[in-house]
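Undergrad: Coordinates only, no sequence provided:
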């Protein structure tokens, strides 16, 4: 059993976070890119619950197993588009709290020129990292069903 479920302990905070995630989900950012971002950040953060959830969501949205298996080595894999690569590079850099270079930002904006889309991408990376920071210390992995 998890240490605490945020949705029960602090429903207003939980609704705020999930509401923001919902607004991004309904926005213009491609759903495949959204799932890749959530899954990759969760892998980097060691959030087993989130990896489980987002890999299942990606499959439901039609993601191929091969691409899910290659996600940890996306830089070496030929299976991702330029836009996906730009999103994954930004996700990894922001998740690791490293500086986003001008070159990386320019590449990201080349693939995501719409301000709302780019803003949703930046917001999604922040939200999934926040959710990972909830899930890991509260042991959400104990909810995973086989």
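TA: Received it, and whenever you're ready, just let me know what you need. Nothing here was measured: the structure is a model prediction, and the numbers come from that model.

Undergrad: Need the pLDDT of residue 143.
TA: Looking at residue 143, its pLDDT stands at 79.

Undergrad: which residues does it contact?
TA: Listed by Cβ atoms under 8 Å, 6 or more residues apart in numbering, the contact set of residue 143 reads 2, 49. Backbone N, C-alpha and C define where each C-beta goes, glycine included.

Undergrad: What's the separation between it and residue 47?
TA: Between residue 143 and residue 47 the computed distance is 12 Å (Cβ to Cβ, to the nearest Å).

Undergrad: Kindly report the same for residue 22.
TA: Look at residue 22 and residue 47: by Cβ to Cβ, they are 19 Å apart.

Undergrad: what about the two, which has more around it?
TA: residue 47 (24 against 11; other Cβ atoms under 10 Å).

Undergrad: So the more buried one sits against residue 139, correct?
TA: No: using Cβ atoms under 8 Å, residue 47 is not in contact with residue 139, being 10.6 Å away.

Undergrad: element containing residue 35?
TA: According to DSSP states H and E, residue 35 maps onto helix 31-45.

Undergrad: Next, the buried residues of the next helix-or-strand element following that helix.
TA: Downstream of helix 31-45, the next assigned helix or strand under DSSP H and E is helix 48-60. Judged by neighbour count (16 or more other Cβ atoms under 10 Å), helix 48-60 contains these buried residues: 48, 49, 50, 51, 52, 53, 54, 55, 58.

Undergrad: Lowest pLDDT pick from the residues you listed?
TA: residue 49 (91).

Undergrad: residues contacting it?
TA: Here residue 49 is in contact with 135, 140, 141, 143, 144 (Cβ under 8 Å, 6+ apart).

Undergrad: Turn those into JSON lines, including secondary structure.
TA: Listed next are these as JSON lines, based on DSSP: H, G, I helix; E, B strand; the rest coil:
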{"residue": "135", "secondary structure": "helix"}
{"residue": "140", "secondary structure": "helix"}
{"residue": "141", "secondary structure": "helix"}
{"residue": "143", "secondary structure": "helix"}
{"residue": "144", "secondary structure": "coil"}
